[in-house]
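Dropping a prediction and its sequence here:
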Amino acid sequence: MRPAALDRLGAAVRGRTPALVVNVEALERNLATMQTACTAAGRALRPHVKGHKSPWIAHAQLRHGAVGVCAATLAEAQTMVGGGVTDLHLTSALAPAKLGALFELAAVATVSVVVDDVAQVEALAVAGAGSRNRVGVLIELDAGQDRAGAAPGQLVAIAAGIASSPALELVGVQAYEGHLQQLPDAAERRLRAHAAYDAAAACVHELQQAGHPVQRVTCAGTGTLEPALDHSLPTEVQPGSYALADASYRAAGVDRYEQAAFVIASVLGVRPDATLIVDAGVKAVSGDLGPAAVAFPPGAAYTPAGDEHGRVAGGAHALRTGDLVALVPSHSDTTVCLHRRFVVVTDDGHDHGTLPIGA
Ligand SMILES: Cc1ncc(COP(=O)(O)O)c(C=O)c1O
């Protein structure tokens, strides 16, 4: 959406501020850019939907050529499968009480999930006992994030546990290097990502030597896409933020993707020092990766001023009460989940209805 297009935003946005707006044309261009890169490198693209939580956007990604999608939570998985997605990978382990629901999803979709210890495999096998449906399993490796990942020496025992359950099938490994995504130095990002993939390759070798098949090696977010595509190990990449983009990725120099998501806020008042008070606070735009940037008015800066209020200071403009400002989320994932719907607009600012945002 071009800044001038703000003038054309109609009642769908003006009556709904703070409104989360998606420029569907920029979104489509981002999906094409990503798919083209993955196809050229001969790797499967399985986009992560945790950022947009929208089956409609997931289907657009599939239309562009994605092989399936990734979800982070059971609720996201249910939203996607309920919305007609038929190939889904859960990139986080689930609490044992949720595992039965995974086998229900597997009745209508191809479903896989990560595990990183034997206890999780046992819980999965118990949940799947008696089920007619099989769930694929990927062993999560610690790619350096120190959040998940099979302990050294445990790989083969985990694989053997998976092989011994008729409800489970070992599909491969996941080596997600989340801590590297926004390293501002691209050369360092690449070096450390390649070191993580080299370590993962040794794990894959260990599994294969023990007779366990490893068909899929999945990794990478938007920030490590290029290093993943030019390393020989990954068969699949799982970036998510590229679809909507955000200011924190842009600040880290990952600027290949257009900004497609904006929070549009209304000016509620103008302080004596010309600071605008807008109707977007911490309930409308997240601050975990810093304050939102301001797309319009140019040159201005946003700071939160409470749950429902924000300050927009600086920039050359003559905005008054009732006018609109456009904020660029610093982190799109944690901003989208604050909203129930996207208002869909095109480059020229015309609106085309709304899209629900799932759980
Ligand atoms: C396991 C996993 N894979 C992929 C992604 C996508 O990364 P990004 O949104 O940085 O592209 C995330 C994001 O947090 C993730 O947690």
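Sure, I can see it.

CA atoms only for the host helix or strand of Gly136, dumped as CSV, please.
Assignment of secondary structure by DSSP states H and E places Gly136 within strand 135-140. Only the C-alpha atoms of strand 135-140 are listed here, as CSV (Å, rounded to 0.1, in the frame of the first residue of the first chain):
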residue,chain,number,x,y,z
VAL,A,135,1.3,-39.3,12.5
GLY,A,136,4.7,-38.5,11.0
VAL,A,137,7.4,-37.7,13.4
LEU,A,138,10.5,-35.5,12.9
ILE,A,139,13.3,-35.6,15.5
GLU,A,140,14.1,-32.1,16.6
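
Return the distance of that strand from the chain's centre.
20 Å (Cα atoms, centre = their mean, to the nearest Å).

Quick one: mean pLDDT for it?
Averaging pLDDT along strand 135-140 yields 98.

any low-confidence regions in this protein?
Low-confidence segments of the chain, defined by pLDDT under 70: 1-4.

Domains of it: list them as residue ranges, please.
3-22+254-356, 25-243 (automatic domain parsing).

what packs against the strand holding Gly136?
Under the contact definition 3 or more Cβ pairs under 8 Å, 6 or more residues apart in numbering; DSSP states H and E, strand 135-140 sits against strand 110-115, helix 118-128, helix 155-163, strand 168-174. Any C-beta I mention is one placed from the backbone N, CA and C, and that applies to glycine too.

Just put the ones you listed in TSV and tack on mean neighbour count.
Supplementary listing: these in TSV, determined by neighbours: other Cβ atoms under 10 Å:
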stretch	mean neighbour count
strand 110-115	24
helix 118-128	19
helix 155-163	19
strand 168-174	23
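
out of those, nearest to the ligand?
Closest of the helices and strands packed on strand 135-140 to the ligand is strand 168-174, at 7.3 Å (criterion: Cβ to the nearest ligand atom).

now the helices for the stretch 201-350 of the chain?
225-229, 247-251, 332-336 (DSSP state H, counting those that start in this stretch).

Please render those helices as TSV that adds mean neighbour count to the earlier fields.
Putting those into TSV (neighbours: other Cβ under 10 Å) gives the following:
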stretch	mean neighbour count
helix 225-229	22
helix 247-251	20
helix 332-336	23
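
Out of the ones you listed, which is closest to Lys53?
helix 332-336 (6.3 Å; Cβ to Cβ).

As PDB, could you dump the C-alpha coordinates of that closest one?
Below are the C-alpha coordinates for helix 332-336, written out as PDB (Å, rounded to 0.1, in the frame of the first residue of the first chain):
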ATOM      1  CA  SER A 332       4.200  -9.100  12.700                       C
ATOM      2  CA  ASP A 333       3.700 -12.500  14.500                       C
ATOM      3  CA  THR A 334       2.900 -10.900  17.900                       C
ATOM      4  CA  THR A 335       0.900  -8.100  16.300                       C
ATOM      5  CA  VAL A 336      -1.400 -10.300  14.200                       C
END
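
Setting the sequence-adjacent residues aside, check what's closest to the residue of the chain found nearest the ligand.
The ligand sits closest to Gly221 of the chain, with a gap of 2.7 Å, by Cβ to the nearest ligand atom. The shortest distance from Gly221 to any non-neighbouring residue, by Cβ to Cβ, 6 or more residues apart in numbering, is to Gln181 (4.5 Å).

Just list the residues touching Arg250, thanks.
Gln259, Ala293, Val328 (Cβ atoms under 8 Å, 6 or more residues apart in numbering).

List just the nearest of the residues you listed to Leu229.
For the contacts of Arg250, the nearest to Leu229 is Gln259 (23.0 Å; Cβ to Cβ).

Run a quick neighbour tally on the closest one.
22 (other Cβ atoms under 10 Å).

Contact partners for the nearest residue to it once chain neighbours are set aside?
Computed as Cβ to Cβ, 6+ apart, the closest residue to Gln259 that is not its neighbour in sequence is Ala245, at 4.9 Å. Applying Cβ under 8 Å, 6+ apart to Ala245 gives the contacts Asn30, Tyr257, Glu258, Gln259, Ala260, Ala261, Ser332.

Pretty sure the third one sits against Ala32.
No. With contact defined as Cβ atoms under 8 Å, Glu258 does not count as touching Ala32 (10.9 Å).

So which of these two has more stuff around it?
Glu258 (18 against 12).

And that one, how far from Val22?
11 Å (Cβ to Cβ, to the nearest Å).
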